[in-house]
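> show me the folded form of this:
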Amino acid sequence: MKNKNEFIIYVMENVRRYLPLSFAEAQVFVEEKVKENGSKISALLIRRQEETLVPCIPLEEVYCEYMEGNTLEACVRKIADLRIQHDNLECLSDLSYVKDYGAVKERLMIRLCDPELNREWLADRIYTLQGDFAAVYYVAIHEEEEKTFSMPVSKQLLEEWKVSVKQLHEDALLSEKGRQACLFEMNDFICSLMTGDGNVRNLLDEKTQWHPKTVETPVLCLTNSSMRNGASMILQEELMEQIGEIIGSDFYVLTSSIHETLLVPLGGMDVSELSRLVKEVNETQVELCDRLSDKVQYYDRAKGALENAERRNQARTPVTTNREFDIGKAPVFA
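Reported below is the predicted structural model:
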């Protein structure tokens, strides 16, 4: 049984055996990629001389399959097959349009992250701070059910476009607005996953007033139609106002995953309980690269803004000073 380094060396030395002749002179190398929240992966790249953009093939999952009993040859063949699949995608054959801002404006995407946990990852990316989060900008190259290719907006690319970061953010919000937002009751969503029928109602399509099906505090899930990077929907001001009307009160936003957020109406759990819940879920159920934040947010309908729920709660808690009570003002993050 080979250790991880030995496995990687074996893959690099043998992967060409399972590739077409066009890859005979390709450069095969491994890079350590820094991902969100400080996570790192070993990625295999196979680049022919004429190629500028090639897929990064993560090796961790294939190595785990090897440790679980899969043969070396089967693992190497799988990696080669992944590279061949990417090679057959027409969307990667000509990416010259990426330099034309008019051609990519409607392909812009936003991915949220916690800037405190991603200083290194954010270093070479274009982003803006949105309250407790950083909005990072991407261009969608190809999207389908099982394959998604996107390109982060670099400083060099932004200079070539000759647009400001402010304009980029506004256009990205418009582009994301075109992606259908989905708001589900969690119970309905879980049932649809268990039954496999995909029959779950989008509360944003409802023409009548929403009434929770349970007497307990309902939990709602907000994402987009692809259910990838759907946490960025919380940046859509009109959408958040609509959700406030549907719920009928202010609400908490649990930003655990980059793919969706959970919304909890007031009255069921307090901030400390919700914070403990989010931290527990992140530690036990969310992959590190998919983790957004432990920071619970509070959506104030009157202000139309998100606030850090714990800071808001502390600021509104009376404290004794010289036998008098002082109430501070909560910071607001637009």
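
> state the mean pLDDT of stretch 87-103.
Over the span of stretch 87-103, the pLDDT mean works out to 76.

> low-confidence stretches in the stretch 51-200 of the chain?
Flagging of the stretch 51-200 of the chain using pLDDT under 70 yields the residue ranges 88-94, 144-147, 192-198.

> now do the strands in it.
Taking DSSP state E, counting those that start in this stretch as the criterion, the stretch 51-200 of the chain contains strands spanning 57-58, 108-113, 127-130, 133-143, 148-152, 181-185.

> what is the shortest one packed up against?
If you count contacts as 3 or more CB pairs under 8 Å, 6 or more residues apart in numbering; DSSP states H and E, strand 57-58 packs onto strand 40-47, helix 72-87. (C-beta placed from N, C-alpha, C; glycine too.)

> give me the sheet partners of the shortest one and which way each runs.
Just to be clear, that refers to strand 40-47. Neighbouring strands of strand 40-47 in its sheet, by DSSP bridges, are strand 27-34 (antiparallel), strand 57-58 (antiparallel).

> that older thread, now distance to residue 222 and mean neighbour count too, for the helices and strands packed on strand 57-58, in JSON lines please.
As requested, the helices and strands packed on strand 57-58 are exported to JSON lines (distance: least, CB to CB, whole Å; neighbours: other CB atoms under 10 Å):
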{"stretch": "strand 40-47", "distance to residue 222": "28", "mean neighbour count": "18"}
{"stretch": "helix 72-87", "distance to residue 222": "32", "mean neighbour count": "17"}
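
> need these in TSV (columns: distance to residue 1).
As requested, these are arranged in TSV below (distance: least, CB to CB, whole Å):
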stretch	distance to residue 1
strand 40-47	18
helix 72-87	10
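
> nearest to residue 242, out of these?
Proximity to residue 242 (CB to CB) singles out strand 40-47 among those, at 37.9 Å.

> CA atoms only: put the closest one into CSV for me.
What follows is the C-alpha trace of strand 40-47 in CSV, where atoms were taken according to Å, rounded to 0.1, in the frame of the first residue of the first chain:
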residue,chain,number,x,y,z
LYS,A,40,-5.6,22.9,0.8
ILE,A,41,-5.8,20.2,-1.8
SER,A,42,-3.3,18.4,-4.1
ALA,A,43,-4.5,18.9,-7.7
LEU,A,44,-3.2,17.2,-10.8
LEU,A,45,-2.8,19.3,-13.9
ILE,A,46,-2.1,17.9,-17.4
ARG,A,47,-1.3,20.8,-19.8
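
> what's the angle between that strand and helix 72-87?
When axes from the mean of the first three to the mean of the last three CA atoms, to 10 degrees is applied, the directions of strand 40-47 and helix 72-87 differ by 70 degrees.

> what sits up against strand 40-47?
Residues outside strand 40-47 that contact it (CB atoms under 8 Å, 6 or more residues apart in numbering) are 4, 8, 11-12, 15, 19, 23, 26-35, 54-60, 79, 83, 289.

> please, where are all the helices along the protein?
Assignment of helices within the chain using DSSP state H yields the ranges 4-14, 60-67, 72-87, 101-104, 119-122, 155-161, 165-177, 186-195, 237-247, 271-284, 309-315.
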